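Undergrad: From the sequence below, what's the structure:
(6 chains)
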Number of protein chains: 4
Amino acid sequence: MDATATGSPDHGTGTPTDAPGGPATRGRPRDPGRDAAILDAAVDVLAEVGYAALTMDAVALRARAGKATVYRRWASKDELVLDAVRRLEHQQVPVDPLPDTGSLRGDLLALFRPEPAEETARRDRAAAGLVSVLSHRPELAGAAHRSLVGPWAHAHRTVMARAVARGEVDPGADVGILAQVLPTMAAYRALVQRAPFDEAFLLAVVDGVLLPALRPPAAPPR
Amino acid sequence: MDATATGSPDHGTGTPTDAPGGPATRGRPRDPGRDAAILDAAVDVLAEVGYAALTMDAVALRARAGKATVYRRWASKDELVLDAVRRLEHQQVPVDPLPDTGSLRGDLLALFRPEPAEETARRDRAAAGLVSVLSHRPELAGAAHRSLVGPWAHAHRTVMARAVARGEVDPGADVGILAQVLPTMAAYRALVQRAPFDEAFLLAVVDGVLLPALRPPAAPPR
Amino acid sequence: MDATATGSPDHGTGTPTDAPGGPATRGRPRDPGRDAAILDAAVDVLAEVGYAALTMDAVALRARAGKATVYRRWASKDELVLDAVRRLEHQQVPVDPLPDTGSLRGDLLALFRPEPAEETARRDRAAAGLVSVLSHRPELAGAAHRSLVGPWAHAHRTVMARAVARGEVDPGADVGILAQVLPTMAAYRALVQRAPFDEAFLLAVVDGVLLPALRPPAAPPR
Amino acid sequence: MDATATGSPDHGTGTPTDAPGGPATRGRPRDPGRDAAILDAAVDVLAEVGYAALTMDAVALRARAGKATVYRRWASKDELVLDAVRRLEHQQVPVDPLPDTGSLRGDLLALFRPEPAEETARRDRAAAGLVSVLSHRPELAGAAHRSLVGPWAHAHRTVMARAVARGEVDPGADVGILAQVLPTMAAYRALVQRAPFDEAFLLAVVDGVLLPALRPPAAPPR
DNA sequence: GCCTAACCGAGACGGTACGTCCGGTCTTTTT
DNA sequence: AAAAAGACCGGACGTACCGTCTCGGTTAGGC
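TA: Modelled structure (predicted):
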C-alpha cells in the first residue's frame, strides 16, 4: 500500500498468483538497472528545467529508455517526480550516525551539515518539483511530509530525549512538538519561501526557540 | 518591473498625461470591469477544480470573455492564477483589530479565529493553486511568503512585544524568530502537509513551544 | 439589389427617412475619399499576400482607416475583396471604344490588348482572391461571372453581329454561345488554371474554334 | 518534392531497405488505415459544410483521430482538403469505356452521362473546396486543372480523331483546341459560375460551336 | 537447445490545453 | 454623425505533452 501510495517503482515480483508454490516468474525479468537510470535522468531533468518543463519524453530520452519502460514502473509523471525528489532528499539526511557531542546545543548544530552550493541548487529545483506534485496530488502530501521532515524530526526527538535523560533539559518539555519545529520551519523555507537554510537561521531557531523552551524550569537556589 | 514580476494586469499604456503634446489615450480604453470579472472567474474555477484542471477556456467562458481579453491582461495561466490567489489571500486580513485579552496566552489563542468551513475549503483549494504557481515561477516565492505569513508574523510580534512591556515574559527573548514559529508551521501545514490547522495543534505549539520559550527566567519556586 | 448582392459600397445617401421633403442629411457626411483609399489598400494587400493572408486589419492599417470605417461600407471581407477584384478587372476591359477593323478576325484580335507584365501579376493574385470569395459565398458567383465575362461576351456578341450584318459569316450561327467561348476559356485560364492568357492561346481559339464555326456554309459555286 | 507539392500524406522515412546497414524502420509504424479514415472524414465534412466551415477538429473527431495524427500526415488544412478533393475527383473516371455511337454528335452527347443527383451535390461541394484550395495555394493550380479537365479533354480528342478518320469532319480542324472547349467551359460553369451543367448548355456548345467548327469545308448545296 | 512470455527502444496514437490570430462588433475621443 | 483607434467575443489554428498501444527485436526462464 505504501509503495503504491508513494509512487515507488512497482517491482513486479508480486504477480497475481503470489501464493506459495507458484511464483512462476515467466518471461524476461525487469532490468533493475533501468530503475536507477530513469530516476537519475528524472533528477537531472528536474534540476535543469524544473517541474513545469519536465516532460516524460525528455526523461525517457535522457535515460535512453522507451516511454513504456518508464510507465511500467511509475504510473504517472507525478509519481516519478515524487520518487526523484525523494532520492535527492534521502541521500543527505545525515542522521544515520547520530551525532553525540555531549550537549544538546552541540547535537542540534551538528545535525546541520552544510552542503556544497551545487547541491543546494539541485535541491532547490527538486523542491519546486515536489511542491508541484503535491498541488496535483494532495493525497501524496502525507507521504511526502513523512519522508521529508520525518527523519529529521525523529533525529531531533532522539537528541532531545538524550538531553532529557542527561538531566540537561526540562523533563516536562513537550518533545513531540519541539522536535518538529526546526524541521518544519526548514522545510517551509526550502519548499515555499525559497530562502537559503543558512547557519544564521539555524542559530536563531536553536538559541531563540528550542533551547529557551527546553531549559530547566529555574534552578531551586534563587 | 512590478507588474511583470507579480503578474498583475498590465493596464494600458501610461497615464492620460503621458508627455507634453503626447497622443493621449486613443482608441477604446480597457474595460476595468473585465479585470474583476476574469479574476473572479479564475478564483471560482480554481476553487472548484483546482490548479491542475483549471483551463483558460473555462475561465474565459465563465467570465463571458474572449481568450484574447484574458491574454491581453495576463501573459499566461500562471500569472492569472497567481493574481487570483493573491486576491483570495488579500481579502482576508487576519487580524484587523488586534485582540487584547490581558495575557499572552489569551492573545495568541484569540489570534486564531475559526472561520466558516466553507471559507476554509475555499482557502485550501487556493493554497493548492498558490503552491503550484510557486513551482512554476520560483521567483515569486518571496512575495507569496510575505503575503501569506507576513501579516500573521507581524501580529504575533506585536502581541509578544506587549507581553514583554507588561513584564509578563522574558525581556531577552528573541521575539523576531519566535513570532515566526506559529505562522510558519501553520503555513507549512496548509500548503505542504495538507493537515487541518486545528485547535490541538495550536495548543501544542503555544503551550509546548512559545510560552516555554518566553517564560521569565526566574520563575518563583513552584 | 445589385449593390447589395455584389458588395459594392453602400453609399449612405439613403437614410431611413428618404421620403420626399425630408432628405435631412444630418451629421457628418461620409468622406467619399475613404472608399477609394480602402479599395486601393485592399487591392494592394490582395496583390501582395493573396486572399488567404489578407486581413481586414491590414487593409484598414494601410488605408489609415479604422475597421469600423471599412465595415460601414462593406459588410464582410468577401464583399470587400469582391469589389477590389472588380476594380482590378474593370479598369482594363478595352471594349469602351469597340474596335472596328473591318474584318471579324481583326476585331476579335484587337479586343485583346497585351498588358504590362506587372499588371498581369497583380491580376493573378486578384484572381486567386476572387476564386476564394466564390468558394465562401456561392451566391456571389453569378454577379462575379456577369461582371467578369459579361462585358467581354457582350463585346464579342457585338463584333459577331456586325460580321453577320456584313454578310461575312454564317447568318445562322449561334452567336449567343459563340460569344461566350473565348471570354469563358480566358476566365478559366486566369482563375483556375493560372496559365498565361497569351497570344498563342488567343490565336488558337480564334482560328481553330470561332472562325471555323462562323464561316459561311460553303459557297454555292463549287 | 512531389509529396510536398501535392500534399499527399508523408509516409514514413524511406523504404525498408534504406541503406546497407541502415537502421531500418524503428518504432511503431504508421497505421495506413488512419490515412483513409481521415481522408474519408475530410471528404464527408467538406461535402456537408463546405471548405470555409471545415474544421480540423471536426475532421479529427469524425475520424476518431487525434489532431496530432492528422498533422503528422498533412501539414495544414489546405493540404488535407486538397487531398480530399483529389480523392473525390479521382474516383470518378468519366469515360472508361469510350462511347462509340457511329456519329461525332452521338459520341459527344454520350460522353455526358447524367449522374445521380446525390453524387452531383457531393461533387459540387467538393468543387467549392477545390477552388478554395487553389486560392490558398496557386502553385497547385496546374495539377488540379490536369486532374479535372485533362481526362475529359483527352476523351474529346479521341472521339474527334475518330470522326476525322471516318471522314466525317474537316481533317484540317484544330482538334487540339476544340477538344478543350467543352471541358473547359463545363469546368468554368461548375467551379466559378456555379450554374448547372445541364443538357441545354451541352447541346448549345455541341451544336453551336463544336459541330459547326468541325463540319467539312465543302458541304453539298443545301 | 528450443519455446515462450515478458521485457526493451522507438514512436504512433487519442485526447486535451495552450497561446496566437482573425472576423465582425462595440466603445472611446476627436473632428 | 463620421472618423481613427483599439478593446471586445467567439472560435479555429497548429503545437506540445500525457498516458496508452503497437511495432521489431532481445533476453531470460521452463521444457
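Undergrad: any low-confidence regions in chain A?
TA: Scanning chain A with the threshold set as pLDDT under 70 gives A:1-24, A:89-96, A:113-122, A:124, A:217-222.
Undergrad: Just want the most central residue of it.
TA: Centroid-nearest residue in chain A: A:L148, 3.0 Å away (criterion: CA atoms, centre = their mean).
Undergrad: wait, that one sits on A:A187?
TA: Yes: using CB atoms under 8 Å, A:L148 is in contact with A:A187, at 5.7 Å. Every C-beta, even on glycine, is put in place using the N, C-alpha and C of the backbone.
Undergrad: near DNA strand E, which residues of chain A show up?
TA: Residues of chain A that fall close to DNA strand E, judged by CB under 7 Å from any atom of the strand: A:12, A:26-31, A:34, A:61, A:63-69, A:72.
Undergrad: 6 Å instead, please
TA: A:12, A:26-28, A:30-31, A:34, A:64-69, A:72 (CB under 6 Å from any atom of the strand).
Undergrad: Filter those residues down to the buried ones, PyMOL style.
TA: Here is the PyMOL command that selects the buried residues among the residues of chain A next to DNA strand E (16 or more other CB atoms under 10 Å in any protein chain shown):
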select buried, chain A and resi 30+34+65+69
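Undergrad: Restricted to helices, list the residues of chain A next to DNA strand E.
TA: A:R34, A:K67, A:A68, A:T69 (DSSP state H).
Undergrad: which residues does the closest residue to A:V209 other than its chain neighbours contact?
TA: Excluding the flanking residues, the one nearest A:V209 by CB to CB, 6 or more residues apart in numbering or on different chains is B:A213, at 5.4 Å. Going by CB atoms under 8 Å, 6 or more residues apart in numbering or on different chains, B:A213 touches A:G208, A:V209, A:L210, A:P212, A:A213, B:A173, B:L178.
Undergrad: Could you check how far A:L98 is from DNA strand E?
TA: Applying CB to the nearest atom of the strand, to the nearest Å, the value for A:L98 to DNA strand E is 37 Å.
Undergrad: just checking, that residue touches A:A155?
TA: Yes: using CB under 8 Å, A:L98 makes contact with A:A155 at a distance of 6.2 Å.
Undergrad: Go through the residues of chain A next to DNA strand E and name the one nearest chain D.
TA: Using CB to the nearest CB, A:G66 comes nearest to chain D of the residues of chain A next to DNA strand E, at 9.1 Å.
Undergrad: distance of the closest one from D:D57?
TA: 30 Å (CB to CB, to the nearest Å).
Undergrad: How about A:D170?
TA: Separation of A:D170 from D:D57 (CB to CB): 69 Å.
Undergrad: And A:L140, by the same measure?
TA: When distance is defined by CB to CB, A:L140 is 35 Å away from D:D57.
Undergrad: So between those two, which is more surrounded?
TA: Taking neighbours as other CB atoms under 10 Å in any protein chain shown, A:L140 and D:D57 compare with A:L140 leading, 20 against 9.
Undergrad: Can you classify the more buried one by secondary structure?
TA: Secondary structure, DSSP: H, G, I helix; E, B strand; the rest coil: A:L140 is helix.
Undergrad: Do a quick rundown of the helices in chain A.
TA: Taking DSSP H as the criterion, chain A carries its helices at A:2-6, A:32-53, A:56-62, A:67-71, A:77-90, A:104-110, A:117-136, A:141-166, A:175-188, A:199-205, A:211-214.
Undergrad: Would you reformat those helices as CSV and include distance to D:A204?
TA: As requested, the helices of chain A are arranged in CSV below (distance: least, CB to CB, whole Å):
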stretch, distance to D:A204
helix A:2-6, 80
helix A:32-53, 68
helix A:56-62, 64
helix A:67-71, 66
helix A:77-90, 70
helix A:104-110, 105
helix A:117-136, 72
helix A:141-166, 82
helix A:175-188, 89
helix A:199-205, 96
helix A:211-214, 107
